[in-house]
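**Q** this is a predicted model, with the sequence first.
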Amino acid sequence: MKPTGAIPQYFSADESGQLLIGGFAAEDLVAEAGGTPLFVYDNNIVGGQIARFQAAMASGVALNYAVTANPYEPLLEFIGRYVDGFRVVSGGELQRLVHAKLAGIPIHLAGPAKTDPELETAIRLGATISVESEGEAARAIAAGERLGIKPALAVRVNPPFSIDKGRLTMGAQPSPFGVDTDRVPALVAGILEADADWRGLHIFAAAQSLDADELIRMHDAIVGTAGDIAAETGLPLPELNLGSGFDVPRLPGQEPLDVDRIASELSRTLCNAPEHLATTRFSIELGRWLVADSGVYLTRVIDRCESHGRTFLNTDGGGHHLIGATGNLGERHRGNYPIAVANRFGIEPEEEVTVTGCLCTPFDVLGEDVALPRAEPGDLIAIFSTGAYGLTASPQAWESRPLAREVLV
């Protein structure tokens with residue numbers, strides 16, 4: 001038997017053993033949505049994470065939602081009521097905000113290889129563009145001139161440190177993301193000379209970390225680097241985007257991130273920040289940490305089969321909807337996501353099974369050698385912590401299978 005990640009604390013069963021998501025029975029949600037596979041997102045969990053961040057962090061540290069984590073429009077509309085802004089990385093994500101009537105909220109466009117139409121759309125919307133190179137800065141300035149609008153530009157910095165396997169190491173690394181630290185002051189001077197609106201720096205150094213110590217060290221290093229750059233320009237730094245890096249436990253043995261400690265140490269760091277950062281506005285962009293635990297993927301058992309002493313539950317879902325659970329998003333430590341039989345939730349395990357999807361590949365495994373109550377065709381399998389990097393991060397067109405449904409409760 002192989003262990004699974006821990007089911008988030010927010011879920012329970014009704015008196016019949018049916019999984020409740022946001023107070024609604026899983027089977028009722030499936031019936032209302034029209035079938036499986038189905039992603040269900042609980043807005044109470046998302047709201048709780050937002051409130052937890054805002055209560056922990058020092059006042060003035062803005063919270064931006066990273067749309068890539070989950071761009072489901074009803075979820076965006078909900079999140080837009082409570083966060084300070086959005087981080088997007090494409091014209092498509094910009095359009096999702098427009099369609100959700102959220103374009104009036106502060107937007108930060110980041111990411112490499114921005115096209116001229118994407119730059120123009122961002123400028124029209126008044127978004128801050130985080131430029132990743134001197135060439136991209138020049139194209140953004142030219143786009144602003146064509147539109148007759150002064151572009152708001154931040155500089156993405158490739159810092160003189162990196163996070164390698166969860167550990168902060170000093171020394172610059174080659175990267176397609178951002179401008180090397182020693183070239184940033186000259187780029188800032190060029191932005192100011194072009195009469196663009198310089199919004200500051202964006203330093204994104206970590207992703208998917210559950211190590212509070214490393215994130216604290218990363219924040220210290222980011223603030224120090226930003227102070228050095230500002231000192232070299234001789235100008236106060238308008239804004240500093242500290243990036244992200246907060247993860248949630250999904251795999252066996254992982255523990256929740258100590259956000260309160262991170263917030264306390266970040267407050268100390270900001271209170272002792274270099275003088276050129278005395279009036280700086282700070283922000284953090286979070287995606288996975290805000291929404292991952294809110295999501296449950298529900299998939300129906302279609303067949304139960306035996307092979308050489310192993311039992312397989314074949315479902316109508318799979319990696320074309322939830323590739324992260326199969327390990328094919330490059331998880332550092334491959335393991336099983338939290339998993340349960342939704343209509344026998346909380347029942348003691350009775351057997352060891354492997355839960356597979358419907359794709360014609362041996363990699364389409366949603367739960368390998370997991371202990372579950374006995375499940376038969378027609379039963380529902382629930383996979384937890386799937387509110388981030390699920391449907392839109394997966395190869396939905398694989399084998400031309402039906403799309404998964406989504407619902408916010």
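**A** Structure received.

**Q** elements contacting the helix or strand encompassing residue 229?
**A** Assigned by DSSP states H and E, residue 229 belongs to helix 212-233. Applying 3 or more C-beta pairs under 8 Å, 6 or more residues apart in numbering; DSSP states H and E, we find helix 212-233 packed against strand 152-158, strand 161-164, strand 167-170, helix 184-193, strand 239-241, helix 259-271. C-beta: built from backbone N, CA, C; applies to glycine.

**Q** which parts of the protein belong to which domain?
**A** The record's domain parsing of the chain by automatic domain parsing lists 12-41+293-408, 71-286.

**Q** and of these, who's closest to residue 59?
**A** Evaluated over the domains of the chain, closeness to residue 59 peaks at domain 71-286, with 9.5 Å, by C-beta to C-beta.

**Q** near residue 162, how many other residues are there?
**A** Look at residue 162: counted by other C-beta atoms under 10 Å, it has 18 neighbours.

**Q** and the pLDDT for the nearest residue to it once chain neighbours are set aside?
**A** In space, and not counting its chain neighbours, residue 162 is closest to residue 173: 4.7 Å by C-beta to C-beta, 6 or more residues apart in numbering. Residue 173 carries a pLDDT value of 73.

**Q** lowest-confidence stretch among the helices and strands packed on helix 212-233?
**A** strand 167-170 (a mean of 60).

**Q** give the helix, strand or coil label for residue 300.
**A** Secondary structure state of residue 300, per DSSP: H, G, I helix; E, B strand; the rest coil, is strand.

**Q** correct me, but it touches residue 314?
**A** No. The criterion here is C-beta atoms under 8 Å, and residue 300 misses it with residue 314 at 10.0 Å.

**Q** tabulate the helices and strands packed on helix 212-233 in a markdown table, adding columns for distance to residue 318.
**A** Compiled in a markdown table, the helices and strands packed on helix 212-233 are given as follows (distance: least, C-beta to C-beta, whole Å):
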| stretch | distance to residue 318 |
| --- | --- |
| strand 152-158 | 35 |
| strand 161-164 | 32 |
| strand 167-170 | 34 |
| helix 184-193 | 44 |
| strand 239-241 | 36 |
| helix 259-271 | 33 |
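
**Q** to residue 250, which of the ones you listed lies closest?
**A** With C-beta to C-beta as the measure, helix 259-271 is the member of those nearest residue 250 (16.5 Å).

**Q** please state the offset of that closest one from the chain centre?
**A** 21 Å (C-alpha atoms, centre = their mean, to the nearest Å).

**Q** what helices or strands is that helix leaning on?
**A** The contact analysis (3+ C-beta pairs under 8 Å, 6+ apart) places helix 259-271 against helix 43-56, helix 212-233.

**Q** contacts only, for residue 350.
**A** For residue 350, the contact set (C-beta atoms under 8 Å, 6 or more residues apart in numbering) comprises 372, 373, 374.

**Q** what do you get for residue 288?
**A** Applying C-beta under 8 Å, 6+ apart to residue 288 gives the contacts 66, 69, 208, 246, 247, 248, 388, 389.

**Q** can you tell me the closest non-neighbouring residue to the first one?
**A** Read it as residue 66. In this structure, residue 66 finds its nearest non-sequential neighbour in residue 287, 3.2 Å apart by C-beta to C-beta, 6+ apart.

**Q** that neighbour against residue 63, yeah?
**A** No. Checked against C-beta under 8 Å, the pair residue 287 and residue 63 is beyond contact range at 11.1 Å.

**Q** more neighbours: those two, which one.
**A** Set residue 287 next to residue 63 and count neighbours by other C-beta under 10 Å: residue 287 wins out with 22 against 19.

**Q** tell me the contacts of that one?
**A** When contacts are counted by C-beta under 8 Å, 6+ apart, residue 287 touches 65, 66, 67, 68, 69, 70, 87, 244, 388.

**Q** sort these by pLDDT and name the bottom one.
**A** Within those, pLDDT reaches its minimum at residue 244, with 90.

**Q** I'd like the next helix or strand past the helix or strand containing residue 94.
**A** In the assignment (DSSP H and E), residue 94 maps to helix 91-99. Using DSSP H and E, the helix or strand that follows helix 91-99 towards the C-terminus is strand 107-109.

**Q** paired strands for that next one, with orientation please.
**A** The strands beside strand 107-109 in its sheet (DSSP bridges) come out as strand 85-88 (parallel), strand 128-131 (parallel).

**Q** so which of these gets nearest residue 335?
**A** Residue 335 lies closest to strand 85-88 among the strands paired with strand 107-109, at 28.3 Å (C-beta to C-beta).

**Q** what about residue 138, which SS state?
**A** On the three-state scheme (three-state DSSP), residue 138 is labelled helix.

**Q** what's around it, how many residues?
**A** Residue 138 has 15 neighbouring residues, counting by other C-beta under 10 Å.

**Q** now residue 261
**A** Neighbours of residue 261 (other C-beta under 10 Å): 14.

**Q** now residue 378: which helix or strand?
**A** Here residue 378 is assigned to no helix or strand, by DSSP H and E.

**Q** er, residue 370 actually
**A** In this structure, residue 370 sits in strand 365-372 according to DSSP H and E.

**Q** after that strand, next one along is what?
**A** Following strand 365-372 in sequence, per DSSP H and E, is strand 380-384.

**Q** direction included, what does that next one pair up with?
**A** Sheet pairing for strand 380-384, using DSSP bridges, gives strand 295-307 (antiparallel), strand 339-341 (antiparallel).
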